[in-house]
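J.: no sequence on this one, just coordinates:
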């Protein structure tokens, strides 16, 4: 066994720590909203994304919510039946569909927002305002850095793009 492998501590790695915090928060939040509003976490993310930017195409919703397109499509279909969102043609492209919150969907989201804000306040309790801003900026930068890795390409293994230098990432973010 090489020396670096013997010192590897999963519980100190960034992916583990991010996932652990996200899963804990997501599970707790789902435990609140699912029984009360019949809204699973992925649907909440779609509805909240539409509250911020309404309407959106399915691909935009998938990107903004980090949810598989097939899952977004299925959740949108069930939400149309519930009257939470509507579908309409997006612009001149007959194949493109715009998803919008309905009045009922907006009302539901606005009922859940205070709970989402409470969960964020709890998660960030003990942090100063500038620390919260810095943490969020760092997470955006980490996401940007990771996107440079790209998706796994079929038959080629990991994409061969090189990750940007830290200095380049800071400059590229502009924040």
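T.: Sure thing, it's come through. Treat the numbers as computed from the prediction; the structure is a model and nothing was measured.
J.: find the nearest non-adjacent residue to the residue nearest in space to the middle of the chain, please.
T.: In the chain, the centroid-proximal residue (C-alpha atoms, centre = their mean) is residue 65; its distance is 3.8 Å. Of all residues not flanking residue 65 in the chain, residue 45 sits nearest, at 4.0 Å (C-beta to C-beta, 6 or more residues apart in numbering). (Each C-beta comes from the backbone N, C-alpha and C, glycine too.)
J.: and what of residue 66?
T.: Residue 66's closest residue in space is residue 45 (C-beta to C-beta, 6+ apart), at 7.9 Å.
J.: what does residue 26 give?
T.: Excluding the flanking residues, the one nearest residue 26 by C-beta to C-beta, 6+ apart is residue 41, at 5.4 Å.
J.: secondary structure class for the nearest residue to residue 80 once chain neighbours are set aside?
T.: Residue nearest to residue 80 in three dimensions, not counting chain neighbours: residue 87, with 6.1 Å by C-beta to C-beta, 6+ apart. With DSSP: H, G, I helix; E, B strand; the rest coil as the basis, residue 87 sits in strand.
J.: tell me the pLDDT at residue 87?
T.: pLDDT recorded at residue 87 is 95.
J.: thought it was touching residue 99?
T.: Yes: if you go by C-beta atoms under 8 Å, residue 87 and residue 99 touch, sitting 6.1 Å apart.
J.: got the domain boundaries for the protein?
T.: The chain breaks down by automatic domain parsing into domains covering 9-123, 127-175.
J.: so which bits of the helix ranked longest in the chain are buried?
T.: With secondary structure taken from DSSP state H, the chain has its longest helix at helix 14-37. Judged by neighbour count (16 or more other C-beta atoms under 10 Å), helix 14-37 contains these buried residues: 29, 33, 37.
J.: now do stretch 68-86
T.: Neighbour counts over stretch 68-86 (16+ other C-beta under 10 Å) mark 72-73, 75-76, 79, 84-85 as buried.
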